[in-house]
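need a 3D model of the sequence below.
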Amino acid sequence: MSAAADTSTTADTHAPGGTYAPTDRTVPTRSRHRASYDRELVHSILDEAYVCHLGFVRDGAPVVLPTLFGRVGERLYVHGSTGSRPLRAAGDGVTAPGLPVCLTVTHVDGLVLARSAFHHSLNYRSVVVHGTAHQVTDPEELRTALDALVDQVVPGRSADSRPGNAKELAATAVIRLDLDEVSAKVRTGGPNDDPEDLGLPHWAGVVPVQGGYGAPVPSGDLDPSVALPGYLTAL
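Numbers count the residues shown, from 1 in each chain. Model (predicted):
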């Protein structure tokens, strides 16, 4: 299943008009004009990424972990080992209350160089999600989540690989986080120099940051008769 497919069966509790309802935790204290609650924008930022940062509190101290994620409709899935403490702490939402988390995704689109050091910045797109994560225990949802995690990295790959067997599934844990308290934040454009600095002899402008993929390198033990799949050439 594609990570970007809007196939979630969870109830839609968001504000009308294709937006998420702002909350105290999703309204930024600075640069509020850059915040957005548009659902389509949030989805596009999430779907362009495959690494997120998951924050939670462990033993009274904050912890932030970089990890893979996948989106299915209005849910995000994050995977890890069954021995992972945060995944165990998440519980299933029935026997345990779940794990309060904050999940973030960020794309850097440009380096903004101003005439003054104070006004240097970045052009970026980011999403912040607050909520309570729960461990996925339903076998069907678990397989859907694992497919989404694979397809988030390379769309179409889950259908072109062996699915996890019983032993592998037993060693893999997945938590889900509903897209409920969500905000996006975007900066575009050039530097915001002060008027009195415009005549300074320092270069100012934007250095675009662009990502890309190199040519796929086949595994040394790959059968030469196995052709490069179309979803890789599409990258």
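
Gln135 contacts Val174, correct?
Yes: if you go by Cβ atoms under 8 Å, Gln135 and Val174 touch, sitting 7.1 Å apart. C-beta: built from backbone N, CA, C; applies to glycine.

who has more neighbours, these two?
Val174 (27 against 22; other Cβ atoms under 10 Å).

specify the beta-bridge partners of that one.
His79 (DSSP bridges).

now do the contacts for it.
Listed by Cβ atoms under 8 Å, 6 or more residues apart in numbering, the contact set of Val174 reads 77-80, 87, 135-136, 142, 145-146, 149.

tell me the one of the residues you listed nearest His43?
When the contacts of Val174 are ranked by distance to His43 (Cβ to Cβ), Tyr77 comes first, at 14.6 Å.

could I get the average pLDDT for the helix or strand harbouring the closest one?
According to DSSP states H and E, Tyr77 maps onto strand 75-81. For strand 75-81, the mean pLDDT works out to 88.

same thing with stretch 40-50?
On average, stretch 40-50 scores 96.

show me what counts as buried in that stretch.
41-43, 45-47, 49-50 (16 or more other Cβ atoms under 10 Å).

and it, how far out from the chain middle?
7 Å (Cα atoms, centre = their mean, to the nearest Å).

buried stuff in the biggest helix by length in the chain?
With DSSP state H setting the assignment, residue counts place helix 139-153 as the longest helix in the chain. Using 16+ other Cβ under 10 Å as the test for burial, helix 139-153 gives 141-152.

may I ask which helix or strand of the protein has the lowest mean pLDDT?
helix 85-90 (a mean of 68; mean pLDDT, DSSP states H and E).
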